[in-house]
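Visitor: predicted structure and sequence below. I'll ask about it afterward.
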Amino acid sequence: MYSKTVLLAANRNRNTVTVIDARSNRIERLIPVGPGPTGIAVGPNEHAYVNNFAGSTVSVVRYTTGEYVATVPVGIDPVGIAASPNRRYVYVSSTGDDSITQISTSTNEVLSQTPAGGDDPTAIAFSPVGDLSYVCLSGGGAVAVIDLADPNQGGNGLPVGSTPNDVVFNEAGTRAYVTNRDSQTVSVIDTSVNFVMNDIPIPGAVSPTKNVLSPDGSTLYVCDSGTNSVYMISTVTETVVGAITIPDPVSVAVSRMRDRLYVGSGAGGSITVIDTKVHAVVDTITGIDEPYALAVTDIEPFPLSTGILDRQAGDEFYVNINYLNTSSTDLAEVIVLAFDYTSGSKVPFIHEQFSISPNQLMTKKYWVSFTRKFEFQFGITCTLAADVLISIWPTDAAGNVIPELRLLPTQLSVISSLTPNVP
């Protein structure tokens with residue numbers, strides 16, 4: 001509910017990853033990685049795993065700070081990368097030696113390297129439920145079906161169209177959609193029996209590649225750099241229902257929380273932002289150099305609380321709160337929630353969200369006239385939550401500080417999460 005959405009872009013020509021605040025579409029930082037980054041998987045602990053095609057490695061970086069964490073050797077010419085549903089592992093498919101490498105996200109070490117089950121493994125995807133994984137075998141016109149419970153068994157090839165390039169599962173894990181570049185189709189697979197139910201033609205397409213489902217699962221978006229188009233396919237009728245013109249679309253990702261589609265343009269050096277509810281372009285993020293891969297993730301705010309404060313006596317009063325962002329470089333987002341406990345139940349009476357610029361001191365003043373017992377909660381989203389200092393100094397109507405209610409930054413308590421479902 002209170003997450004910050006982050007967009008990551010792998011810049012193949014610059015050997016970097018761009019970190020973007022998807023709420024404002026503002027570029028936050030540039031992180032150096034290995035040579036030729038072609039894919040991104042989001043792991044735990046704010047780590048991103050970036051496969052480097054030209055270096056046959058995976059770079060592990062912390063996208064919230066820009067820290068370079070580790071370099072992991074993998075197969076030759078890695079192309080596809082994905083995290084398992086529980087994010088305990090990252091899997092990398094490499095076309096140079098037709099292998100699948102399993103990486104532990106707790107140690108950033110290789111656990112195994114097994115045959116992919118066919119030629120030229122490219123994209124890899126996981127069912128949201130169970131242990132099923134599909135790997136596109138672009139050289140064999142098939143997908144490898146791999147059981148993660150026993151990845152060493154290799155994959156069984158399931159024939160699809162010509163040169164399968166990307167695959168995505170629906171949220172229920174009942175269907176998978178495979179984009180076939182050279183046959184200009186999308187294969188629809190019933191995952192319960194691993195059977196191709198339909199091959200959807202894309203009229204006018206030249207080289208459809210990357211795909212992604214809309215947040216509600218009703219639309220499959222397919223990039224085609226050959227026609228400068230992102231095709232929209234209804235998953236209900238399994239037909240093409242429209243197209244959005246975007247120059248040289250080479251990568252795609254969605255934010256389920258924000259109903260946004262992000263499309264990276266290779267030649268344009270930009271990312272187009274589309275509202276998935278109306279299929280309309282709402283923004284363009286520039287300053288990106290060939291964003292060959294995109295990934296979206298959410299960061300939960302760091303939660304703090306005053307605890308329940310009890311004003312034993314007195315009339316109306318003010319709660320004055322100072323917010324100091326001590327960072328010289330990073331914007332901070334703050335969520336403020338307040339609750340009245342006077343009646344014996346928890347009743348919300350403040351819900352506010354705002355930004356604090358680097359090195360900015362902001363003071364907020366709240367008039368409280370009806371409550372005796374109350375609590376303030378704060379959610380902080382920034383590179384380092386400790387950079388934001390919050391102090392509380394309530395005053396009476398005459399402006400006198402109420403000392404028993406005053407709190408310094410070190411007196412706030414860390415809580416598990418912000419209270420949900422606040423109007």
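Guide: Looks like it came in fine.

Visitor: per-residue pLDDT, residue 148?
Guide: Residue 148 is assigned a predicted lDDT (pLDDT) of 68.

Visitor: flag the helix or strand of this protein with the lowest per-element mean pLDDT.
Guide: Within the chain, confidence by mean pLDDT, DSSP states H and E is lowest for strand 156-159 among all helices and strands, at a mean of 84.

Visitor: is it true that residue 251 touches residue 295?
Guide: No: Residue 251 is beyond contact range of residue 295, at 9.3 Å (criterion: C-beta atoms under 8 Å). C-beta coordinates here come from the backbone N, C-alpha and C atoms, glycine included.

Visitor: re the thing from before, partner strands of the least confident helix or strand of the chain and their direction?
Guide: strand 142-147 (antiparallel) (DSSP bridges).

Visitor: hey, C-alpha coordinates of the partner strand in PDB?
Guide: Extracted in PDB, the C-alpha atoms of strand 142-147 (Å, rounded to 0.1, in the frame of the first residue of the first chain):
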ATOM      1  CA  ALA A 142      10.700 -25.200 -28.300                       C
ATOM      2  CA  VAL A 143      10.500 -24.400 -24.600                       C
ATOM      3  CA  ALA A 144      12.300 -26.500 -22.000                       C
ATOM      4  CA  VAL A 145      10.000 -27.500 -19.100                       C
ATOM      5  CA  ILE A 146      12.000 -27.700 -15.900                       C
ATOM      6  CA  ASP A 147      10.900 -28.900 -12.500                       C
END
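
Visitor: that one: how far from the chain's middle?
Guide: Remark: strand 142-147 is offset 25 Å from the chain centroid, using C-alpha atoms, centre = their mean, to the nearest Å.

Visitor: got the buried residues for it?
Guide: For strand 142-147, the neighbour count (16 or more other C-beta atoms under 10 Å) marks 142, 143, 144, 145, 146 as buried.

Visitor: and this structure, what are its domain boundaries?
Guide: What automatic domain parsing lists as the domains of the chain is 4-299, 302-414.

Visitor: show me how far the longest one is from its chain's centre.
Guide: Just to be clear, that refers to domain 4-299. With C-alpha atoms, centre = their mean as the basis, domain 4-299 stands 12 Å off its chain's centre.

Visitor: what's the span of that domain, first residue to last?
Guide: Terminal residues of domain 4-299 are spaced 5 Å apart (C-alpha to C-alpha, to the nearest Å).

Visitor: and if you look at the shortest one?
Guide: Using C-alpha to C-alpha, one end of domain 302-414 lies 8 Å from the other.

Visitor: just stretch 220-231 next, same as before
Guide: One end of stretch 220-231 to the other measures 8 Å (C-alpha to C-alpha).

Visitor: show me the contact partners of it.
Guide: The contact list for stretch 220-231 (C-beta atoms under 8 Å, 6 or more residues apart in numbering) reads 168, 177, 179, 186, 202, 204-214, 232-233, 235, 240, 242-252, 254, 261, 263, 266, 274.

Visitor: if we can go back for a sec, can you list contacts of the least confident helix or strand of the chain?
Guide: Strand 156-159 has contacts (C-beta under 8 Å, 6+ apart) with 117-118, 134, 137, 140-145, 189, 194, 196.

Visitor: TSV please, covering the residues you listed and showing distance to residue 327 and pLDDT.
Guide: Formatted as TSV, the contacts of strand 156-159 follow (distance: C-beta to C-beta, whole Å; pLDDT from 0 to 100):
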residue	distance to residue 327	pLDDT
117	48	85
118	49	90
134	42	94
137	47	96
140	51	90
141	52	95
142	50	96
143	46	95
144	46	92
145	48	90
189	47	97
194	50	92
196	52	97
